[in-house]
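Participant: sequence plus predicted model, see below.
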Amino acid sequence: MKNLLFNLCSAHGVSGEEGSVTDIAKLIMGTYADVSTDVNGNLIAQFGKTDAKYSIMLDAHIDQIGLIITHIDENGFVKASPCGGIDRRVLQAERFIILSKQPIPCICCSTPPHLSSGNEEKAVSADNLWFDTGISGDKLKDMVSLGDRIVFDIHPKQLHNNRITSKALDNRAGVAAVMYCGDLLKKQDLNCKVIITLSTREEVNMLGAKTAAFGYYPSEAIAVDVSFAKQSGVPSEKSGNIDEGPMIGIAPVLDKEISDKLITAAKVKKLKYQCEVMGGATGTNADVISSTRGGIRTGLVSIPLRSMHTGAEIVSLNDVAATGELLAEYILERSIAVC
Amino acid sequence: MLNLSFLKKLCLANGISGDEKKVSELIQKRLRDSNVEIKIDGMGNLLVTKKGRKRAKNKVLLSAHMDEVGFIVTDINSDGTLRLETVGGVDRKVLYGKSVVVGSNSINGVISVKPVHLLKPDEKESVIPIDKMVVDIGADSREEALKYVSLGDSVSFLPNYCDDNGIIMAKALDDRAGCFILTEILREELECDLTCSFVVQEEVGLRGAKAAAYTLDPDFAIVVEATTASDIPGCDETNNVCCVGDGAVLSFMDRSTIYDKECLALALKTAEEKNIKVQLKRAVAGGNDAGAIHTSRSGVRTIAVSLPCRYIHSQTGLISADDLESSLELVKETAMKLAVL
């Protein structure tokens, strides 16, 4: 699990350019599932009883937040716009990589204190995001193209208590959990079809999940994402606890029966779980999947994560594994129920 | 072209003020076969002398500091997160969400960030004060954290280094670049005798240099430093201080020193004769060990040669390899001239 998640997090896949992450998943899931990619770059892995009428979709978005280059100036600096909801408070003086044909290291510009004049606590504004390559403008224009993505140059690291910190854990943690679920189910005799979609562009407009759900129109679906874990300054009613297991979503837009059955599956398997109650939409792919075509019954399972949308995200490997086990147990039970 | 492998080692080592031992050991090791005499004083300064082909008429001191800015663990919260105080001047806007390493075992941690999704609009635009920031190492309680961390442990930015296309991006270039320049000079055969100090605790008040200058009692001193370059988008050209790529920086005045006019003129002349790229620092800003050295005993005639460095005092600075080479040449040539002045 640790190796898988480290590999997934080390790869770069900003919204709209998820290919290098998808390739990792394709190699692994291709050993037991029928794997394909669709027009939006979604990776679709189908296995179980593939001719069954009943199908369950497990969706995890594979993209990560980043930035996109909008301008290259004559002194070798590039200007960029956020691609997804990046936290602008963490950008200044951080190391990044421009994902051009040849990756180029750069630093997010930060005004020195003697020129900040009282603004030293300010986050960099969205229309003033500059990155410094140190390379001369003429040379840089041949190396970089407008539209190239920029990502945090942050590698996964081990923390105490089987936790890891990295960029892109939102949502490679979810991807790792559904892949682990696939691994647990690959030798099982299922009565239903399982469709794992590793969907693209969640961080910008959830396009991947929307079109994949339309295209494969499953009988039911579960979105697997990350959610807020308790940490300093985060209210307890808005967060789960790290290491307390998957967060099972309960919300008006989610199917109540699926939520209940997920809770039952956790109890049967004696897995730690926690309930995440939301008053409306969930802010995840579950929102778009559930309203696809004539509607799809949809559940949501989230992995507690700290410091979301920064390069300092933290998850517990125990929670990632438990999420995979919960999903596998749920599918095994549904497979019996629907036959 | 300079061989930068030792600079990489220096930048990847952690050594906040008061905890410079690893840097000191690297320098001592590097100078092992360089025919130098090394003394370590009570503060931890490395005092190095090297005989040249000729005796120097004047005692010339080159000085660079080994310490870097960082943090120190002041307390541990009940939830296992660490509280920090800054060691040296660090701007809070460059800290949030950064990776750090804690203590002599280099335990991984991150400066924890309250998710942007849960913030009010005005909170999204500002970074919390440093005394509200905490480091998450994965521990769940104070007791658990105390198994791995002690109060007073040093905290450094995550070591990082890369050089490509003549550009160096790394942690602690202030002032490992200076340490690198001095080390490289000491490894060469020198024309005249030379004295160097690799000093501690610059970032917390120019403390090491004060003791070193007292002990070594030089006639002239050249402080070798990194200085802020603000030649970046959004900064007015008249405020850029100095520019990366425009050569070594000579200062006439900063917050701690008015530099010796004659020595400054000599350095400028040397640059012209030897065809070394130099620029003048275009602001009275910052300060360095010259402040302690030029006021030592009955006074030491002092100049500073600085490397233009963007994003100084953050996790990653940026310098040009050409500027590094120009600075090295300028320091060496000027020192040899001062020795026989």
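Facilitator: Received the coordinates, thanks.
Participant: and chain B, what are its domain boundaries?
Facilitator: Following automatic domain parsing, one finds the domains of chain B at B:5-68+B:171-339, B:70-157.
Participant: so which of those domains is nearest A:Tyr217?
Facilitator: Closest to A:Tyr217 of the domains of chain B, according to Cβ to Cβ: domain B:70-157, at 30.3 Å. In short, each C-beta sits where N, CA and C put it, glycine included.
Participant: gap between the closest one and the chain center?
Facilitator: For domain B:70-157, the distance from its own C-alpha centre to the chain's C-alpha centre is 23 Å (Cα atoms, centre = their mean, to the nearest Å).
Participant: name the element A:Ser259 belongs to?
Facilitator: helix A:256-268 (DSSP states H and E).
Participant: and the next helix or strand after that helix with chain B, contact?
Facilitator: With elements assigned by DSSP H and E, the helix or strand that comes after helix A:256-268 is strand A:274-277. No: for strand A:274-277, no contact with chain B is found by Cβ under 8 Å from any Cβ of the partner chain; the gap never falls below 13.7 Å.
Participant: residue ranges for the helices of the stretch 51-200 of chain A, please.
Facilitator: With helices called from DSSP state H, counting those that start in this stretch, the stretch 51-200 of chain A shows them at A:113-116, A:137-143, A:169-185.
Participant: now do chain B
Facilitator: B:5-12, B:21-30, B:142-146, B:173-186, B:207-216, B:261-273, B:290-293, B:321-339 (DSSP state H).
Participant: and B:Gln279, how close does it get to B:Ala304?
Facilitator: Distance, B:Gln279 to B:Ala304, by Cβ to Cβ, to the nearest Å: 13 Å.
Participant: which neighbours do the two share?
Facilitator: B:Leu250 (Cβ atoms under 8 Å, 6 or more residues apart in numbering or on different chains).
Participant: the two - which one has more neighbours?
Facilitator: For B:Gln279 versus B:Ala304, neighbours defined as other Cβ atoms under 10 Å in any protein chain shown are more numerous around B:Ala304 (31 against 20).
Participant: from what I can see the more buried one touches B:Ala226, true?
Facilitator: No: judged on Cβ atoms under 8 Å, B:Ala304 makes no contact with B:Ala226 at a distance of 10.7 Å.
Participant: neighbours of A:Ala337, how many?
Facilitator: Counted with other Cβ under 10 Å, residues neighbouring A:Ala337 total 11.
Participant: next one, pLDDT for it please.
Facilitator: What the model reports for A:Ala337 is a pLDDT of 92.
Participant: likewise B:Asp131?
Facilitator: Reported pLDDT for B:Asp131: 91.
Participant: what residues are up against it?
Facilitator: B:Arg83, B:Glu85.
Participant: check the gap between it and A:Val226 for me.
Facilitator: Taking Cβ to Cβ, one finds B:Asp131 at 29 Å from A:Val226.
Participant: next, format the domains of chain B as CSV and append distance to A:Leu327.
Facilitator: Formatted as CSV, the domains of chain B follow (distance: least, Cβ to Cβ, whole Å):
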stretch, distance to A:Leu327
domain B:5-68+B:171-339, 38
domain B:70-157, 24
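Participant: quick one, phi psi at A:Ala212?
Facilitator: The phi/psi pair for A:Ala212 (degrees, to the nearest 10) reads phi -70, psi -40.
Participant: what pLDDT does it get?
Facilitator: In this prediction, A:Ala212 carries a pLDDT score of 97.
Participant: that one against A:Asp59, yeah?
Facilitator: Yes: with contact defined as Cβ under 8 Å, A:Ala212 reaches A:Asp59; the gap is 7.1 Å.
Participant: need the residues touching each of these two.
Facilitator: Contacts common to A:Ala212 and A:Asp59, judged by Cβ under 8 Å, 6+ apart, are A:Thr197, A:Ser199.
Participant: pick out whichever of these two has more residues nearby.
Facilitator: A:Asp59 (31 against 28).
Participant: any chance of a markdown table for the helices of chain B, columns mean pLDDT and distance to chain A?
Facilitator: Formatted as a markdown table, these follow (pLDDT from 0 to 100; distance: least, Cβ to the nearest Cβ, whole Å):
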| stretch | mean pLDDT | distance to chain A |
| --- | --- | --- |
| helix B:5-12 | 98 | 13 |
| helix B:21-30 | 98 | 20 |
| helix B:142-146 | 97 | 7 |
| helix B:173-186 | 98 | 12 |
| helix B:207-216 | 98 | 21 |
| helix B:261-273 | 98 | 22 |
| helix B:290-293 | 97 | 17 |
| helix B:321-339 | 98 | 10 |
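Participant: find the nearest non-adjacent residue to B:Leu328, please.
Facilitator: B:Ile181 (4.7 Å; Cβ to Cβ, 6 or more residues apart in numbering or on different chains).
Participant: what about the one you found, neighbour count?
Facilitator: Neighbour tally, B:Ile181, other Cβ under 10 Å: 29.
Participant: burial check on the nearest residue to A:Asn285 once chain neighbours are set aside, number of neighbours?
Facilitator: Once flanking residues are discounted, A:Asn285 sits nearest to A:Ala209: 3.7 Å by Cβ to Cβ, 6+ apart. A:Ala209: 29 surrounding residues under other Cβ under 10 Å.
Participant: dump the helices of chain B to a markdown table, plus distance to A:Leu169.
Facilitator: Shown next, in a markdown table, are the helices of chain B (distance: least, Cβ to Cβ, whole Å):
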| stretch | distance to A:Leu169 |
| --- | --- |
| helix B:5-12 | 25 |
| helix B:21-30 | 31 |
| helix B:142-146 | 22 |
| helix B:173-186 | 30 |
| helix B:207-216 | 41 |
| helix B:261-273 | 50 |
| helix B:290-293 | 45 |
| helix B:321-339 | 35 |
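Participant: mind checking which of the ones you listed is nearest A:Pro113?
Facilitator: Distance to A:Pro113, taken as Cβ to Cβ, is lowest for helix B:173-186 among the helices of chain B, at 13.4 Å.
Participant: just the terminal-to-terminal distance for stretch B:104-121.
Facilitator: 40 Å (Cα to Cα, to the nearest Å).
Participant: same deal with stretch B:47-55?
Facilitator: 18 Å.
Participant: ok, now which ones touch the nearest residue to B:Pro233 once chain neighbours are set aside?
Facilitator: Distance criterion Cβ to Cβ, 6+ apart; nearest residue to B:Pro233, sequence neighbours excluded, is A:Trp130 at 4.4 Å. For A:Trp130, the contacting residues are A:Phe77, A:Val78, A:Lys79, A:Ala80, A:Cys108, A:Cys109, B:Ile232, B:Pro233, B:Gly234, by Cβ under 8 Å, 6+ apart.
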